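Chemist: Fold the following, please.
(chains A and B)
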Amino acid sequence: MAENVERRMAQPGRPRPWRRLSLPYVLVFLIVGYLSVFILFPITQQFLTSFSNNVVGVDAVRWVGLRNYERLWEDDDFWFAVRVTFIYMFFVVVGSVSLGMLSALLLNRKFRGRSMARSAIAIPWAFPEISAVLVFIWMCNPTFGVMNVFARWIPGIDENLSWLSDPDMAMPLVIALSVWKAFPFTFLVILAALQAVPRDLYEAAEVDGAGRLQQFRFITIPEITPTLMLMAVLMSIFAFKQFTLIWLTTGGGPYGGITETLVLRIYQTAFRFFDLAYGATLGVAGFVIVLGLTLLFVYVQQRQDRARGR
Amino acid sequence: MKASAHAKYRFRQVSAGVLFYALIIGFCVIVLFPVYWMIVNAIQPLSYGMRYPPSLLPQEISFQPFITLFQNYPVARWLLNSLLLATMTTLLVLALAVLGSFAMTFLKWRGKAAFGLLLLMTQMLPEALVVIPVYAMYRELGLSNSLPALSLIDAAFILPICIWVLKNAFDSIPEEIYEAALIDGCTPLSALIRTLLPLSAPGMVAVSVVAFFYAWNEYLFAVTLISSPDNRPVSVGLASLKVMLDTPIDRVLAAALFFSIFPVIFYLLIQRYIVAGLSAGAVKG
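Modeler: Numbers count the residues shown, from 1 in each chain, chains lettered A, B, ... in the order given. Coordinates of the predicted model:
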């Protein structure tokens, strides 16, 4: 066999070495080209549009320099949308990571019916967003919704609530729906991480006389912290990108844009107010946040690799 | 004395067990309640849904909601469109993700880190950031209203994460296997197809599922790029039921049920692969 290799390598001028060297570049060119057409090119166009006055119906589209950005800086609605975005992200991250962790801890022991329980808890992850939205809206129907039945179990509530059209409840409800949809994923991954914690660590701790709580505090938590961090980043991306769940439940309302995240604001500006240039400017602002999230992701990833000694 | 201590211990053990199961079952009930509620309201006559307080158990089972749904709305058409869209997206993503993750694991070249960063960034990009220029581009090229064209953009958005997941599957294959195939006279691509792909089946399944679910669920691109009712995928069709406020709820939820049966069963059948493929992908990135 080795002889064979030497003979092959010794043959000069064969096309194969060249082809083998160029193959990765061909493949990567293919993929980068594909992503360029559908993602990078549109993004570049957004950048350009953000320096113009392009509004649907305006005949003379021209460059206006930084005017859109000046408007952005003074636009209270924009800053409000940013605030809404971060509030939504914060609660979705905290909710889905902690609920995922709690359910993973609950299922991290052997019992009869465990795999069934695991499948059951994971179902919302496979459940389509739009189906979830439709049933959720129905559950929160002020007249017939079943949520009224549950709410009335709480002492002091004896009339139906208005749920999604109540400005105080809209945001918590949208967050609850998002967490419901997202936590099964963190649950599955955290459960996998819990089961990857070496058994002998616990055994050694037990020999040293550590109680359950101490084992949890000094073994479990440090071992799964990198996974928790990663989940927090992934969930913040999920929340930042989220359109369908919010758009179809509240549409950004009930009024005053109290559930209108940046992504919804961009969509509204372009497709409802037809202000393409300003929509693009908002998009660039969103892009800056994406860059920040990417850097955060790389940082968390590197920390995790270091923690795993790689 | 001893017997009673033992009985006490048993009692505590049993009650802890009961408490544990009650906790698990209670949690599952809460988590699955929306799914249950969708089914209940989709299989009972409308009159039961439109009364307060609603009964928590189905009062009468009827297939009328399904019959009226299929008679009045082109649901079969929507399902077919979605199936078509999701299949095309999945095939495209599989082909590209295999090539991309192969290049990232088994081939040596400059610029891997930059490529990885590009993938990461595109993965984090919200669809809403590019939907306007994509819409303009599609209209100019005459691509709007076509499901294959829609699958192209869907594939672009889910491709990066699929490359990560598959890269992970490839990472776990020893390099010696690939080298042995080369020594036996395979070209890199035939080594990929003949030896690497059969070894990374769980990763391929995970990627297919992720891509399929994405295209199946995707709403924003579908609603902006597809205008003719004939080409609507289910996601858009269903959302249109919601927008038409007069659509009776039993039909809406019957449609929602149809829309979710497919991915949920799909998931339950192959969850073993998904959990392995995805958690490896997410834990290691």
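
Chemist: what does the stretch 51-200 of chain A put close to chain B?
Modeler: A:103, A:106-107, A:111, A:113, A:117, A:119-139, A:143-144, A:146, A:148-149, A:160, A:180, A:185, A:188-189, A:192-193, A:196 (CB under 8 Å from any CB of the partner chain). Bear in mind the C-beta positions are built from the backbone N, C-alpha and C, glycine included.

Chemist: Just the buried ones from these?
Modeler: A:103, A:106-107, A:117, A:119-139, A:144, A:146, A:148, A:160, A:180, A:185, A:188-189, A:192-193 (16 or more other CB atoms under 10 Å in any protein chain shown).

Chemist: Sitting in strands, which of the residues you listed do you find?
Modeler: In strands, judged by DSSP state E, none of these are found.

Chemist: from these, which ones fall inside helices?
Modeler: Using DSSP state H, the members of those that fall within helices are A:103, A:106-107, A:117, A:119-126, A:129-139, A:146, A:148, A:180, A:185, A:188-189, A:192-193.

Chemist: okay, the helix or strand harbouring residue A:269 in PDB with CA atoms only?
Modeler: Assigned by DSSP states H and E, residue A:269 belongs to helix A:262-271. The C-alpha coordinates for helix A:262-271 follow below in PDB (Å, rounded to 0.1, in the frame of the first residue of the first chain):
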ATOM      1  CA  LEU A 262     -37.000  46.100  15.500                       C
ATOM      2  CA  VAL A 263     -37.700  43.400  12.900                       C
ATOM      3  CA  LEU A 264     -41.400  44.200  12.900                       C
ATOM      4  CA  ARG A 265     -40.700  47.900  12.600                       C
ATOM      5  CA  ILE A 266     -38.500  47.300   9.600                       C
ATOM      6  CA  TYR A 267     -41.200  45.300   7.900                       C
ATOM      7  CA  GLN A 268     -43.900  47.900   8.700                       C
ATOM      8  CA  THR A 269     -41.800  50.800   7.500                       C
ATOM      9  CA  ALA A 270     -41.200  49.200   4.100                       C
ATOM     10  CA  PHE A 271     -44.400  47.300   3.500                       C
END
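
Chemist: does chain B sit close to that helix?
Modeler: Yes. Shown here: helix A:262-271 in contact with chain B (CB under 8 Å from any CB) through A:263, A:264, A:266, A:267, A:270, A:271.

Chemist: Determine how far that helix lies from the middle of the whole chain.
Modeler: Relative to its chain's centre, helix A:262-271 lies at 18 Å (CA atoms, centre = their mean, to the nearest Å).

Chemist: for the chain, which spans come out with low pLDDT?
Modeler: This is for chain A. For chain A, the stretches with pLDDT under 70 are A:1-21, A:57-59, A:304, A:307-310.

Chemist: wrong one, chain B
Modeler: B:1-3, B:243-246, B:274-285.

Chemist: Spatially central residue in chain B, please.
Modeler: Of all residues in chain B, the one closest to the mean position by CA atoms, centre = their mean is residue B:213, 2.5 Å from it.

Chemist: hang on, the earlier thing: contacting residues around the helix holding residue A:269?
Modeler: With contact meaning CB atoms under 8 Å, 6 or more residues apart in numbering or on different chains, helix A:262-271 is reached by A:77-78, A:81-82, A:84-85, A:240-243, A:246-247, A:251-252, A:257, A:260, A:275-276, A:278-280, A:282-283, A:285-286, A:289, B:126, B:128-129, B:131-132, B:220, B:224.

Chemist: I'd like to know how far the nearest residue to residue A:235 once chain neighbours are set aside sits from chain B.
Modeler: Nearest non-adjacent residue to residue A:235, counting by CB to CB, 6 or more residues apart in numbering or on different chains: residue A:93, 4.5 Å away. Using CB to the nearest CB, to the nearest Å, we find residue A:93 at a distance of 14 Å from chain B.

Chemist: Residue A:219: neighbour count?
Modeler: 17 (other CB atoms under 10 Å in any protein chain shown).

Chemist: Would you mind giving the secondary structure of it?
Modeler: Counting by DSSP: H, G, I helix; E, B strand; the rest coil, the backbone at residue A:219 sits in helix.

Chemist: ok so, going back, dump the residue contacts of the residue nearest to the centre of chain B.
Modeler: Contacts of residue B:213 (CB under 8 Å, 6+ apart): A:126, B:263.

Chemist: Could you tell me which residues make contact with residue 136?
Modeler: Just going to use chain A. Counting by CB under 8 Å, 6+ apart, residue A:136 makes contact with A:173, A:177, A:249, B:34.

Chemist: should've been chain B
Modeler: Contacts of residue B:136 by CB under 8 Å, 6+ apart are residue A:45.

Chemist: Tell me the first helix or strand C-terminal of the strand or helix carrying it.
Modeler: In this structure, residue B:136 is located in helix B:131-141 according to DSSP H and E. Later in the chain than helix B:131-141, the nearest helix or strand by DSSP H and E is helix B:147-171.

Chemist: Who are the packing partners of that following helix?
Modeler: On a contact count with 3 or more CB pairs under 8 Å, 6 or more residues apart in numbering or on different chains; DSSP states H and E, helix B:147-171 meets helix A:15-35, helix B:75-105, helix B:112-124, helix B:201-217, helix B:220-225, helix B:249-284.

Chemist: could you give the angle of the third one to helix B:147-171?
Modeler: In terms of direction (axes from the mean of the first three to the mean of the last three CA atoms, to 10 degrees), helix B:112-124 departs from helix B:147-171 by 130 degrees.

Chemist: about what we covered before: any buried residues in the helix holding residue B:136, and which?
Modeler: Buried-residue list, helix B:131-141, by 16+ other CB under 10 Å: B:131, B:132, B:133, B:134, B:135, B:137, B:138.
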